[in-house]
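1. Pasting a predicted model and its sequence here:
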Amino acid sequence: MSTQRLNRISEQIKKEISSIIMNEIKDPRISEMSSVIHVKVTPDLKFAKVYVSVFGNEEEKLNSLNGLKSASGFIRKKLGEYMKLRTLPEIHFEIDESIEYGARINQILKEIQREEEKHN
């Protein structure tokens, strides 16, 4: 399968799963501050790894991840209703730490800049 088609399918799955999480899942474990960051689909469309960012502490992240994992069958069913694919991928959720990682790097760079300004 071409990479361009795979990217389009990944983006469409990302949009649909985001919509399903926000509008159709009523699980109280899933934080309202959850967002789908990226979806990586295998070339054979059998598996989709969904990276989710959750704003909050570690407990909220784990609760949201567990809620999403338990709702993955429902999400896959709804995805089948919204997308016309021959094979629906099996959905696996993972927490994406890249936003916190970027914020931490930004904080370190600001601290370095403050130290340099003190010495100049």
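-> Sure, I can see it. Numbers count the residues shown, from 1 in each chain.
2. now the lowest-mean-pLDDT helix or strand in the chain: how far from the chain's centre is it?
-> Ranked by mean pLDDT, DSSP states H and E, the weakest helix or strand in the chain is helix 98-119, scoring a mean of 88. Put simply, helix 98-119 sits 26 Å off its chain's centre (Cα atoms, centre = their mean, to the nearest Å).
3. Am I right that L88 falls within a strand?
-> No. L88 is assigned coil when assessed by DSSP: H, G, I helix; E, B strand; the rest coil, not a strand.
4. Now for it: which residues touch it?
-> Counting by Cβ atoms under 8 Å, 6 or more residues apart in numbering, L88 touches L45, R76, L79, G80. All C-beta atoms are positioned from the backbone trio N, CA, C, and that covers glycine.
5. What does it show for phi and psi?
-> The phi/psi pair for L88 (degrees, to the nearest 10) reads phi -90, psi 130.
6. Look at it and report its pLDDT.
-> Looking at L88, its pLDDT stands at 88.
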